[in-house]
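Undergrad: Sequence and predicted model, in that order:
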Amino acid sequence: MDDIGQVIMKLSALGYRLWLEGDRVGYEHVGPGEPDAVKVLPLLKAIRERKADAVYFLRCYCSCCGGVVFGTFSDGKSRCLVCYRKNLDSLNIDRS
Ligand SMILES: [Zn+2]
């Protein structure tokens, strides 16, 4: 059995995007091409069977940019630094 991180990376390589919805794991196929069910189904099954591991992994995996570089902020939450910076930039534009 693969490490859950490898399962998620494989799904991502097969054109899937995964994210957290509260404590649920959401996923969709974004391409390119059609999903290969023979490869994909066992991976999705592994996600369902090891949901807690998948949730834990996805907490430190950015579904927006695929980054894994996170920082912990003053509110105790960790955020993707790439996306945080983008959000910060847009906030600065709003303020000006
Ligand atoms: Zn990100």
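TA: Cool, got the structure.
Undergrad: alpha carbons only for contacts and neighbour counts from here, please
TA: Fine.
Undergrad: Burial check on Met9, number of neighbours?
TA: Using other C-alpha atoms under 10 Å, Met9 has 16 neighbouring residues.
Undergrad: Let's check: the centremost residue of the chain is which one?
TA: By C-alpha atoms, centre = their mean, the chain has its centre lying nearest to Ser63, at 3.5 Å.
Undergrad: Now do the same contact list for it.
TA: By C-alpha atoms under 8 Å, 6 or more residues apart in numbering, the contact list for Ser63 reads Arg17, Leu18, Trp19.
Undergrad: Would the longest helix seen in the chain count as contacting the ion?
TA: Looking across the chain with DSSP state H, the single longest helix is helix 81-95. Yes: judged by C-alpha under 5 Å from the ion, helix 81-95 and the ion are in contact via Cys83.
Undergrad: contact partners of that helix?
TA: Outside helix 81-95, the residues within contact range by C-alpha under 8 Å, 6+ apart are Cys64, Cys65, Gly67, Val69, Phe70, Gly71.
Undergrad: Report the mean confidence score over that helix.
TA: Taken as a whole, helix 81-95 has a mean pLDDT of 77.
Undergrad: Which one of the contacts of Ser63 sits in the busiest neighbourhood?
TA: Going by other C-alpha under 10 Å, Leu18 tops the contacts of Ser63 with 22 neighbours.
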